[in-house]
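> For reference, the sequence and a predicted model appear below.
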Amino acid sequence: MENKAVRIGLKFITAFIGVLLLGALPGLFNGMKLDLTGYLKRLVKTLEELIHYQDITFRSGNANYQLFPEVFDYAAYSIVILFSALFLSYVVGFIFTYVTYRFTPPMRKWFKRFAFLTESFPDVFILVIVQIGIIWFYKKTDILLMDIAAYERIYTMPILVLSILPAFLFYRIMMQVFEEEFEKPYVELARTKGVQSTAIFLVHVFRNAILSIYFHSRSIVWFTLSNLFIMEFVFNLNGLIRFMYEHPTPEIFTIGALCLFIPIFLALTLYQFVAERVSKEEALL
């Protein structure tokens, strides 16, 4: 247990340092030339400003405002949308997987082909189609599902849209992992003992597959985060990523990246802990 805590701590510190090094990158270039001295100075200055975080300001219009605690409001909005979309896509992917396994093998192949084709759609294409659909629905019914050009905080539609592609990714991954699990001897043994197929799927197979799903979940998280970047601009959302883009200073980028990285790291660590407990195996960091 202590070794695991040390590994997690080292991983967090390494990633934390990586964010700091990335935030100082603007100082690495002096025109078209590399400037290592300027990079080190920028890194030191960023560290100093992080230490004195209460003095960091950002400009909006003709006035300067304190970055803290204002940045937490932007961060909370983006994180709620991100995590809610991930949770929804995980649940939808699991439900689709369960429903698919209720069909015959030929029907499963058609479901998997459809999921593969859907994954190939560009992110922007999905977002634009949703916008067009909202406008078309409004013209037909005079019901505005979502104000696509508003600065107010909206949640339902961004979460639903952001969860579409990750849901198909989770579905494809779960189908692959569950297929591997269904070929193992313990499944056939459970069937010979008369265990119902639903119980085999929900209790035995899912418990053994949850750790494998975890390994793939990490890449889906970063994929969804990149989609959130696009969504905040397409849907005009007043979130953290857009705030970072509109105030492109090294210290704001660094703090914004940390505000995103720390919750994601903690969530993935918690998921790993739960997956290891459920599957009774230990993941290698």
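Alright, I've got the coordinates.
> end-to-end on stretch 193-203?
Distance between the boundary residues of stretch 193-203 (C-alpha to C-alpha, to the nearest Å) amounts to 15 Å.
> List the buried residues for the helix or strand E276 falls within?
For E276, the element it lies in under DSSP states H and E is helix 250-279. Buried residues in helix 250-279, defined by neighbour count with 16 or more other C-beta atoms under 10 Å: 250-265, 267, 271-272, 275-276, 279. Where C-beta positions appear, they are placed from N, C-alpha and C, glycine not excepted.
> And stretch 239-248, by the same measure?
Buried residues in stretch 239-248 (16+ other C-beta under 10 Å): G239, L240, I241, R242, F243, M244, H247.
> about what we covered before: and the helix holding E276, what other elements does it pack with?
Here helix 250-279 touches helix 2-23, helix 36-51, helix 70-100, helix 206-234, helix 240-246, going by 3 or more C-beta pairs under 8 Å, 6 or more residues apart in numbering; DSSP states H and E.
> what angle do that helix and helix 2-23 make?
Going by axes from the mean of the first three to the mean of the last three C-alpha atoms, to 10 degrees, helix 250-279 is angled at 150 degrees with respect to helix 2-23.
> Helix 250-279 versus helix 70-100: what angle between them?
Computed by the same axes, to 10 degrees, the angle between helix 250-279 and helix 70-100 is 30 degrees.
> So for helix 250-279, mean pLDDT?
On average, the pLDDT along helix 250-279 is 88.
> got it, and stretch 9-23?
Mean predicted lDDT for stretch 9-23 stands at 87.
> how far is that stretch from where the chain is centred?
18 Å (C-alpha atoms, centre = their mean, to the nearest Å).
> Now do the buried residues in that stretch.
Judged by neighbour count using 16+ other C-beta under 10 Å, the buried positions of stretch 9-23 are V19, L20, G23.
> Look at V91 and say how many residues are nearby.
Residues lying near V91 (other C-beta atoms under 10 Å) number 13.
> Nearest residue to the residue nearest the centre of the chain in space, please, no chain neighbours.
Residue closest to the mean C-alpha point of the chain, counted by C-alpha atoms, centre = their mean, is V221 at 2.9 Å. Nearest in space to V221, with sequence neighbours left out and distances taken as C-beta to C-beta, 6 or more residues apart in numbering, is I264 at 6.0 Å.
> list the contacts for that neighbour?
Residues in contact with I264 (C-beta atoms under 8 Å, 6 or more residues apart in numbering) are L82, V221, L225.
> I'd assumed L86 was in contact with the residue nearest to the centre of the chain.
Yes. Using C-beta atoms under 8 Å, V221 is in contact with L86, at 6.5 Å.
> Distance-wise, check the residue nearest to V195 when sequence neighbours are not counted relative to E188.
Once flanking residues are discounted, V195 sits nearest to H204: 7.7 Å by C-beta to C-beta, 6+ apart. Separation of H204 from E188 (C-beta to C-beta, to the nearest Å): 11 Å.
> Looking at those two, which one has more neighbours?
H204 (18 against 12).
> quick one: that one and A190 touch, right?
Yes. Assessed by C-beta under 8 Å, H204 is found in contact with A190 at 5.9 Å.
> How far does stretch 25-38 stretch from one end to the other?
10 Å.
> what's the offset of that stretch from the middle of its chain?
For stretch 25-38, the distance to the chain centre is 32 Å (C-alpha atoms, centre = their mean).
> Name the residues of that stretch that are buried.
Of the residues in stretch 25-38, those buried (16+ other C-beta under 10 Å) are G27, L28, G38.
> returning to what we had before: got the contact list for the residue nearest to V195?
H204 neighbours (C-beta under 8 Å, 6+ apart): Y186, V187, A190, V195.
> which of the residues you listed count as buried?
Judged by 16+ other C-beta under 10 Å, buried ones among these: V187, A190.
> what about K109, distance to V187?
20 Å.
> cool, P69 as well?
Using C-beta to C-beta, we find P69 at a distance of 52 Å from V187.
> and what of G27?
57 Å.
> Would you state the helices of the stretch 101-250 of the chain in chain order?
Per DSSP state H, counting those that start in this stretch, the stretch 101-250 of the chain has helices spanning 105-119, 123-141, 156-162, 164-182, 185-192, 197-199, 206-234, 240-246, 250-279. These are given in chain order.
> What residues sit buried inside the third one?
Meaning helix 156-162. Residues of helix 156-162 classed as buried under the neighbour-count rule (16+ other C-beta under 10 Å) are M157, P158, I159, V161, L162.
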